[in-house]
Every structure is written in structure tokens, then in C-alpha cells.
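Engineer: take this sequence and fold it.
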Amino acid sequence: MYVKEVTLEGFKSYAQRTVVSGFDPFFNAITGLNGSGKSNILDSICFVLGITNLQQVRATNLQELVYKQGQAGITKATVSILFDNSDRNRSPIGYEDMNEITVSRQIVVGGRNKYMINGHVRQPAQVQNLFHSVQLNVNNPHFLIMQGRITKVLNMKPPEILSMLEEAAGTKMYESKKEVALKTLEKKQTKVDDIDNLLKQDILPALEKLRKERAQYQQWTSGNAQLDRLERFCTAFEYSEAERIKNAASDVVKDMESQIKALQVTAVELEKEIGDKESSIASMTETKDKEMSSEIKILSDVSDKLSTTLVTLDSALNAKRDACKAEKAALEQIQRSKKELENAIAARTTSEKQIEEDVAALQEKVDKSRKHLEDIESEYQAVQAGKGSGADDMSLAEQLADANVSVGKSASELQQLQTKIQHLNKELMEKREYFKSKEHEVAAAQEELKSRKADLANLKSAIDKIGYRDGSMQVLEEKRRQEVEYVKKLKADVNNLTSQLSGVQFSYSDPERDFQRSRVKGVVARLVHVNDSSAMTALEVIAAGKLFFVIVDNDQTAKLLLEKGNLRRRSTIIPMNKIQPNKIPARVEAVATKLVGSKAKPALSLVRYADELEAAMSFVFGGTFVCADTETAKQIAFHKEIMTKSVTFPGDVFEPRGLLTGGSRKNGGELLVQLHALAETEARLIHHEDELKNVELKIESLLPQQKKFSHLKSQMELKSYDLSLYETRAQQSEHHKLSEVIALMTSELDKEKSALTRTQQYHSECQKRVFQIEQKIKDQGRDRDSLLKDLEKRIKSMKKEAVAATKELKEQEGAKERMVMEKEAAVQEILTLEDQLATAHTQITKLETDLREKETKRGAIEEEYQKAKGKLEENRKRIKECDAQITALVKSQNQQKNKLTDCIVEIKKLENEIKRLGMNQKECDKRVQQLLAKHEWIVRERQAFGKAGTDYDFTAQDPREARQALESLQREQKDIEKRINKKALAMFDKAEEEYNDLIERKRIVQNDKTKIQQVIKELDEKRKEQLKNTWEKVTKEFGSIFSTLLPGTMAKLEPPEGADVMDGLEVKVAFGSVWKQSLSELSGGQRSLLALSLILALLLFKPAPLYILDEVSAKFEFASQNFLDDFSYVEAIAGIGDCLMECFLAG
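Structural biologist: Numbering: from 1, shown residues only. Have a look, this model is predicted:
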């Protein structure tokens, strides 16, 4: 396939329709002067081939390809290329039957871009596939070398050169196909993900729901069959029972009438026995009162007398104990005094050491004074010998010479400092004058700075006026978060406790309109609060089932609730206007208190409740004592003046009639404990809810302030940042730097002036020193006597100081001796205290002996008192035994009375039963008729009722259980029928079919994905192998062509050092046997030939039907004078494709 004809219209410089024809199948050269349109023909061919990098055709956008960019009235550009397709071996895929192929491309200014093949509009991808199938990829071409790009081939990076090899090998098209395949893979993965999401979020939940609904529907259908069977069974049993009762009623009535006669005889006998026992009880009571009361009184008097004696002895014992305690306290005081003296001795020992240190210091001072005295005496002797002073080693003449040298040095330093100060003053004056000229700028800057600071101060003042502290809102929000967590936790605890205490919840509906719910007080267990937690078990035993009774205001409310309140469970109601309180009489309570003290308390006193509930709570908890132990409970229950029911803390019950109840109580008091915990939790919940409301109110009230504060604070931060920026700019300004320089120079000037002053002082001192030495030399003879006198005075003064130091040393030594004496006195006092300690121990021993004797005496009296008390208890026991006998008789009498009452009640019951049986007989007959009328199948199947082996075998299945099962099944079926989906079976089948379809689709997509990945992997391996083969062949041809064009040279392609062929390729050149390290060593012509050799090698490897060379010889036309005459380099590609070459000819 080669170019046969090119038609241009409106493309670049070709405004009119221009047909370029007569192309040679093998080689075509386009020549002409500059600007004649040579390159535009090649650009038009690239345009049709679909080039996307418009810079290669010297344009930035498609509109620039239109003649004068559409400004000359021509608004579209069209290029058509007619290809000769007679060679079937080089035909594009799908076009083998066509001798000619016309490809056109048209662009319209501001319009669309379209392609046509043989006059039919085609998609750009179809056109690209056509060209790619014959190795014409214009966007990565090895057949296209445009103007000025021949040497740029050598500037390509290794990956770019590798890309040219890929194009030649034909793997580049595979890369684009691979990208498409990867995108397809991504789409298929997205499709799989979509299917997974659909399954997970929609299909599987719906399928699971439908599966459950199907199971419910199947359960409901099977339940209906079971329900029908149970209904027939129960109806058959009801019919059989009605028949049996109707037939057996007359025989039962006769039996009942004979029972009534026997019960009447028994009642007469019981009345006689009750009268006899009443006489016996009266006789025994009279005997007990006469014989036992006087003896108990005598024993009680003796016991009281012994008790008084014991009290007296206890007082004496207490006095002795107090005396013993006082002696022990005195002993402890002596021991403390001894310890204090020991501490004082230790302190004096420390002080003694301090005084010794002071004595050593004074001794050192005395030694220094003596040495100083010796020095003055030495000076005195030196003056006498003719020296300046005792410390001077030089004579006065030598000292004068040194002083004159010092004067000269100080004078030189003074001159230098004065010169430097003059220079600084002059320079500082100039700087100040220049700074003064900038004062208006400084004043403006200071005014601006002052204004900014004032704005910042105003904002701070405004923030202070708000009265909001930074962080207050965060603190409140944190507190609100904590309170919300507390409330949430406490609500969960309340719900948990409430669910555990479902039995104390009372639910009802308003029985009438405008019903006041305050009339219903609530369940007893929720209305009572226990004062003593240890009594919870006892109180729960006392109240028992009454804890679940409901308290209301009156009997009318109770009646309304029972009739119209829709109560969910059976409830017992206490109307407060009808209930009879059961309080312990005050006299009985007083006797119990006197008998056992605080060990027994009325149960009612151990609970708290509202005042209006007094009567109801007395009914629940009244009439019972709660006792600390079993013994106390016995005394309370069986005392003749108390005779009241008592319960111990563990829950043991003692009743006056002799009934005892006790033993293990699992979870005793647990209900009241849980109620107590619930009450505390609800109280805490209310507290934290109130706290939460308060915090939210505070947050709401503080929110406007916080918003205003935040707004002002952000403004203040902006102002502060602005001020800091302005100050920074001010510090970097010229006048600020100048002021710093002036300040630095002023500081330096002050330092120099200070140094000048010091130097002047030193100079004066040196001059004075010279004068003094000269005076000393002059007046040495005259002043010698006065100096000696002065030294004599100093010697006398030092002697006085030495005497004073010696005196102080002696005083300190005396203080040390006194300290030793005080220490010895303290040791003596300790010895005295030790004697007192021994005396105190003796006295305590004596007191403890007396105490033991009195305790022995008290023990004897206590024993006598216990004996008297024992006799008294024995008599009381006898009375109790008598009382027990009387109680037993009373109990027996009561039992017989109960039997009599039971006989009377039984007679009444039998009489009522006779009446009831008569009515039942009539009702059963009526019921049989109703059942026959309602259920026609009874007539057909009643022969099987009650027979073994049939569906109506009443012995194989309990009819009562069948009735309960029927009722339960009816409720279940009714409940299930409300919830079932009767279309569940069809919907489940449809959903399952959809699920299976999605699974199959997912499997197909995953299989396609796996196949694509496998093909990509295989093609990657083939691509790698193909590229290596291509590299080996191209590098061989490359070296051969280059050595032909430039004899004596070699060239090759090889990977970069340390890399593989797949990483890229570099061009290497050798002249002779020396390989060049860099291509920059080659001349321009040599580089052009090298690039052309690489292009030709690529073309030779895999020929394309078309080659475009745009001024490829521009770099070496003049370097090789005869190059254009022979075009020897073109021979390499002759016969392998259609070559289009454009070159410039001078002249």
C-alpha cells in the first residue's frame, strides 16, 4: 500500500483545492524554495494519519491548520489521500478486496472533526486501527522524521529509543490493546464488586428474610391442620363429658344426701367436746394465778437487791480502774520527761560540739591578730632601716622611674581616646541630621503603630466587658458529655432493674374518661422504703405476697379497675377507705421494749412511706415484731402480755399459737434489695437529669457570649498578627535601622567617654604617684619620725585586738565548761526519774491487785444473782408450760371449732352442689344439643369417642392438656397470621432464581477476567522475547549502515550500565576501535548520519508502506558536497516502501 494521490483544500497554505498526484511507489522527493509549501504536504499526510501532537506539524491547535485560521472566508480544511492497495500482502486487515483506499479528514472552525474511509464517515479509532495494522502509528512513528527532528533522535532518553524499537517490532499496538484490556479488567472487577454489593446489600438480606417468612408460612399451614385436629378432639371430649354428667347426676345427688346426714351427726359430737375443753381451760387458769404469782414476786425482789449490789461494786471497780489509769498516765508522763531530758542531753552534746568549733575559730582569729602584729612590727623595723615601707622591695628612685613610665603610657592612651571621640561625635552628628530629615516618616509610623495598638486595646476591653472566660464553653460541653453518659448508663441500669422486677409493675388502661391516675397509688413494693437494710429479709417474710398488692384511694376505684381497667394479670387491690389497719397496741409495744429493749421493733417502724398510705401499710406490715435473734423472737411471741407474731432478721417466724417457720431462705430479701437499688438508681438518674438540664441552660445562656467572644477573639488575633507584622516592617525600615545605628554609636561614644574618664583618672593618679614619690624623696628625713609614730600606734591597736580576741576565747572556753556541767545535771535528773518510775510501777501493781480482789467479789455476787435469776426464769418457765398447756387446750378447742365450722361449710357445699348438679344436668343436656347442631360430624363419629386406638382416645392424651394446647395454638396461629407473608413461597423462589442468576453472572465475569489476565501474561512474555530479537537485529543493521555511510566507524544499541533491555537503550559509537564515552564528541554531520542510520535500521527491520523524511539532509548538505547527487543512503530502503522526502535546494 502506497500513496497514489493527495488532495488538499483549505489546509494551511493551500486555500484552493489542490491535487498532488504522480507519486512513485518507491521513492518521492519534494523540493523547492523556502515557504513554497513543501512541509505542508507532509503535514497534510500526518494530519490524515491522525497525529495528536500538533507541534510536529508546527501548530498549537486544529484551527491553525485551516487556511489563515478561518479569517479569509475559508472555514474548513479537508485532506484526502488515495492509497494504492493492489499488493494484497501489505493490505490493511479487512480491506484485502479493495484496490484503492481513500482516507479523508476534515475539520471545521468551531465545528467538529470527522474521518471518512471511501466516502463513509468512520470513528477515529477505526481509522487508527486501519493504519496500525500496517505499522503506521503516527503518534509514535519510526517512519516519520519531520523537519528538524533528525538529530533529536539521538537526544532521546533510553526509554524513548526503546519505544521506537517497540513500534518497529509491532508491540506498540499491543500496548494500547493492553491498556484497553486492563480497562476492561477494571470494568469487569467493578461489575464483580457491583454484583457482590447487590448480593450483600439487597439479594442476600431479602433472601434470608423470605426464607424466614417461608418457614413461618409453612409453620402456620401445619399449625392449622394441628389446630383442626385439637378442636375436634376437645369438642368430642366436651360432648362425652356433657353426656356423662347428664347420665350420672341422679346417682351423685343420692350419695350427697347421705353425706349430709353423716356430717350433721359429727357436728353434734364436736359441740359437746368443745364445751368440755372450755371448762378445763378455765380451771387451769385459776390455779396458775393463785399458786405461782407470789413465788415469782419474792424471787424478783431478791434479784433486784443483788442487781443493786452489783451496781455498787461496779462503781467501786470503775473508781479503782480510774485510779490505775491515772497512775499509768503519771508513769507515761515520767517516761516522757525522761525522754525529753535524753533529748536535751543530745542537744547539749550538739551545742558542745558547736562551741568547740567556735573556740577553734577564735583561736584562729587570735593567731591572725598576732601575725598581723608581727607584720606591722616588721614594717616598723624596715622604716627604721630607710625603705619606703616594710613591704617595698624597691628603693624610692626605682619607684619614681616606674611611675614616670606609667604617666607616659596613660598620656598616649588619652590622646587616642580623644581622637576617637571626636570622630564618633562628627559621624553621630551627621547621622542625627539625616535621621531628623526622616522625622515626619517616623512620626507617621509611630502614629500608625499607636493607632493599631489602640485598636488592639479596644478589642481587649470589649472582650473583658463580655465577661466570658476562655474555655468556659468547653468545660460546660465536657460536663454535658459526662452527664449524658451518666444519664444513659443510669437509664440502662433502671431498665435492667425494672425488667428484673416485672412483677412489681402495674399496667392498666383508664377505666373511664378523664380518669385521674393519682387515685391509683401503685404496688406496695414500689411505695415502701426500708430504713434498715439488715431487716429486708424479715420484712419480705412479713409482707409476703402483699408486696404485690395494689393500693388505690377507695373501693370505687378498685371496682373500676377490675371491671374496665384491662388488667394484664390477676391483681389484689387494697382500697384505703375500706382496709382495716393492724397496728400493735402501744401497751404491748411498751412491754416488749421493757422486756428486750431495742432488740425487737415493730415492722412498721422499719419502713418509710407517704402519710396517706398509713392504713394500707399498717395492713401489710402491722401486727408483727422484727427481732434481732431467735431468743428475742421467742420471748416476744410467747410472753403472756405480748403474744404477738415475731420474725427474726434471717426470716424465722414465731407465732403465739406455737407455729414456727424457719430454715434456709434462698435469695431472702432480694426483692426489697433490688427495689432499694432501683430507688437509689432512679434518684441518681433524676439528679443527673437535673444537672444535665442546668448545664444545657448554662450552655444556651452562654452561647451568645461565646459566639461574640470568639468573633472578637479572632479579630484580636488578626489585629495582633497585623500589629506584629507592622512592627516587624517598622524594625526593618530605613529610619528604624538608622535609629539602631545612632543608638549603637551613642552607646559606643558613652563607652569611649567612660574609658577617657578612667584613663584621665589613672593619668592623674600616676602623676600624683610621681609627685608623692618625689615628695617622699624630698621629705624622707622629715616624715620618717611621723611614720614611725604612726606604726607605733598601729602596733598598740593590734595588741589591744589580740588581747580582746584572747579574752573572747577564754569566755567561750568557760561556756564550754558550763555546758558540760549542765549535761551532767541532766544525767543526774534522769537517774531520779528512773527511781520515780520504779515507785509508780509498784503503786500500779498494788492497784491492779485490789482491782482483781473486787472483781472476784463481784463475780461471787454475780453468780448468786444468776442463780436467783435462774430460779426466777424456772418459775417463769413453769408458768410458760402452764400457758403452753392452756394454749394447747385452746388450740385443740380451736381445731374442733374449725372442724365444726368445716362440717357446717361442707353441709352447705353439698346442698349447693346438689342444686348445682341439677342445673348442670339441664345445662349439659342443652350443651349436647348445641354441639350436635354446630358440629354435624359428631353424629357420624361419636361411636369412636373415648375408644382406644382412635383419634378420640381420651386416655392416650389428657383432655386438659389438649385444651391448653388448643388455646396456646390458637394464640400462636393468630399471632403468626398477623405476621406471615402468604406470598412468601413464590417470592422466595423468584428471589432464589435471581440470586442463582447473579452468582452465574459473577462466575462468568470472573472466568473472563482470569482468561484476560492469562492472555496478558502470555503476551507480555512474547513481547519481551520479540523486543530482544528486534534489538539484536536492529543493532546489527544499525552498525552496518553507519559503517557504510561513514567508513572506519562502528555503532550499536545497548542497555544503560546496570540495566536490562526492557529498561531502555543507548546509542554507542566507535571510531576505529575506540568507543566514545559521549555523543557530544561527534560533529553535527556525524550526529545526523548516526541518527539517519538508526532510522534506516528500524525501517529495514520491519518495513512500513510509507516513509516521510522532511529535510533529513539539512545538517550535512554542505558538509558532503556530492551527497545529493547520489543519495546513496536511500538505497538501503529502496524497494521496501513508499518514501516521501522533502529537502531544500539553494537557488
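
Engineer: how much space separates A600 from K583?
Structural biologist: 16 Å (Cβ to Cβ, to the nearest Å). The C-beta positions use only the backbone N, C-alpha and C, and glycine is treated the same way.

Engineer: who's more crowded, these two?
Structural biologist: Using other Cβ atoms under 10 Å as the criterion, A600 and K583 rank with A600 on top: 23 against 16.

Engineer: list the residues that contact that one.
Structural biologist: Neighbouring residues of A600 by Cβ atoms under 8 Å, 6 or more residues apart in numbering: 592-593, 625-628, 632-633, 636, 646.

Engineer: ok, for S720, nearest residue in space, not its chain neighbours?
Structural biologist: L456 (6.2 Å; Cβ to Cβ, 6 or more residues apart in numbering).

Engineer: so the one you found makes contact with K719?
Structural biologist: Yes - at 4.8 Å, L456 and K719 qualify as touching, with contact defined as Cβ atoms under 8 Å.

Engineer: and the residue lying closest to T630 once chain neighbours are set aside, how far from K816?
Structural biologist: Leaving aside its chain neighbours, T630 sits nearest to T648 (5.7 Å; criterion: Cβ to Cβ, 6+ apart). Note on T648: its distance to K816, by Cβ to Cβ, is 80 Å.

Engineer: and those two? Which one has more around it.
Structural biologist: T648 (24 against 16).

Engineer: residues in contact with the residue nearest to S720?
Structural biologist: Counting by Cβ under 8 Å, 6+ apart, L456 has contacts 716, 719-720, 723.

Engineer: buried ones in the helix or strand harbouring it?
Structural biologist: Using DSSP states H and E, L456 maps to helix 439-466. For helix 439-466, a neighbour-count test (16 or more other Cβ atoms under 10 Å) marks 442, 445, 452, 456, 459, 463 as buried.

Engineer: just the closest of the residues you listed to L317, please.
Structural biologist: When the buried residues of helix 439-466 are compared for distance to L317 (Cβ to Cβ), I463 wins out at 77.6 Å.

Engineer: contacts only, for that closest one.
Structural biologist: 709, 712-713, 716.

Engineer: most surrounded residue in those residues?
Structural biologist: Busiest of these [other Cβ under 10 Å] is F709, holding 20 neighbours.

Engineer: where does the prediction get shaky in the stretch 151-300 of the chain?
Structural biologist: For the stretch 151-300 of the chain, the stretches flagged by pLDDT under 70 are 151-152, 154, 170-173, 176, 218-219, 249-250, 286-300.

Engineer: an error on my part: the question was meant for the stretch 951-1100 of the chain.
Structural biologist: In the stretch 951-1100 of the chain (pLDDT under 70), the answer is 979, 981-985.

Engineer: show me where it has its helices.
Structural biologist: For the stretch 951-1100 of the chain, applying DSSP state H, counting those that start in this stretch gives helices covering 959-979, 984-1045, 1084-1101.

Engineer: any chance of CSV for the ones you listed, columns distance to E278?
Structural biologist: Listed next are the helices of the stretch 951-1100 of the chain as CSV, based on distance: least, Cβ to Cβ, whole Å:
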stretch, distance to E278
helix 959-979, 47
helix 984-1045, 79
helix 1084-1101, 141
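
Engineer: quick one: closest of the ones you listed to V19.
Structural biologist: helix 1084-1101 (28.1 Å).

Engineer: could you figure out how far that closest one is turned away from helix 984-1045?
Structural biologist: Orientation of helix 1084-1101 against helix 984-1045 (axes from the mean of the first three to the mean of the last three Cα atoms, to 10 degrees) gives an angle of 130 degrees.

Engineer: identify each buried residue in helix 1084-1101, please.
Structural biologist: 1085-1101.

Engineer: the residue nearest to T630 reaches D629, doesn't it?
Structural biologist: Yes - at 6.3 Å, T648 and D629 qualify as touching, with contact defined as Cβ under 8 Å.

Engineer: and of the helices of the stretch 951-1100 of the chain, who's closest to L539?
Structural biologist: helix 959-979 (37.0 Å).

Engineer: can you give me how far stretch 228-243 is from the chain middle?
Structural biologist: Here the centre of stretch 228-243 is set off from its chain's centre by 66 Å, with Cα atoms, centre = their mean, to the nearest Å.

Engineer: show me which helix runs longest in the chain.
Structural biologist: helix 780-934 (DSSP state H).

Engineer: can you list contacts of the helix or strand following that helix?
Structural biologist: Downstream of helix 780-934, the first helix or strand assigned by DSSP H and E is helix 937-941. Applying Cβ under 8 Å, 6+ apart, the contact partners of helix 937-941 are 232, 235-236, 239, 931-932, 952.
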